[in-house]
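Undergrad: only geometry, no sequence info:
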């Protein structure tokens with residue numbers, strides 16, 4: 001996916017959770033993306049809730065293509081990409097191909113800004 005498509009997906013999810021109009025709120029959970037740190041501002045409007053997306057220490061580039069994996073394809077582009085495999089195939093083979101040593105990573109969580117209290121994170 002392009003960096004722009006990744007941002008669009010994250011913004012769509014954030015909008016379905018934090019839209020100020022209850023008719024557009026669909027609930028759900030904030031997406032946590034392995035290998036991508038981002039900042040989420042729930043109080044912002046439109047397509048400006050997700051910022052500072054970084055795969056590593058560099059900002060994501062809108063026109064650059066990134067390899068992504070997920071439990072379900074989120075765009076037509078992802079469904080039809082060459083070499084696309086069902087996630088269960090990846091989950092089955094990835095640890096086996098790295099045996100006997102699999103390094104566990106700490107999952108990234110969005111940095112939340114613009115709210116006083118975040119009840120979603122235990123203190």
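TA: Arrived safely, thanks for sending. Owing to the predicted nature of the structure, the values given are computational and were not obtained by experimental measurement. Numbers count the residues shown, from 1 in each chain.
Undergrad: got the contact list for the residue nearest to the spatial centre of the chain?
TA: Nearest residue to the geometric centre of the chain (CA atoms, centre = their mean): residue 33, 3.9 Å. Contact analysis of residue 33 by CB atoms under 8 Å, 6 or more residues apart in numbering lists 6, 10, 108. Where you see a C-beta, it was placed from the backbone N, CA and C, and this is true even at glycine.
Undergrad: From the residues you listed, which land in helices?
TA: Taking DSSP state H, the ones among the contacts of residue 33 that sit in helices are 6, 10.
Undergrad: ok, and the most crowded of the contacts of residue 33?
TA: Neighbour count (other CB atoms under 10 Å) singles out residue 6 as the most crowded of the contacts of residue 33, with 24 neighbours.
Undergrad: Tell me which residues touch that residue, please.
TA: Residue 6 neighbours (CB under 8 Å, 6+ apart): 33, 36, 53, 60, 66, 68.
Undergrad: Could you tell me which residues make contact with the fifth one?
TA: Under the criterion of CB under 8 Å, 6+ apart, the contact list for residue 66 reads 1, 2, 3, 6, 55, 60.
Undergrad: Now the third one. Its backbone dihedrals?
TA: Pointing back at residue 3 there. For residue 3, the backbone dihedrals (degrees, to the nearest 10) come out as phi -60, psi -40.
Undergrad: For the residue of the chain most remote from its centre, give its distance to residue 89.
TA: The C-alpha centroid of the chain is most remote from residue 100, which lies 28.8 Å away (CA atoms, centre = their mean). Residue 100 is 21 Å from residue 89, where distance means CB to CB, to the nearest Å.
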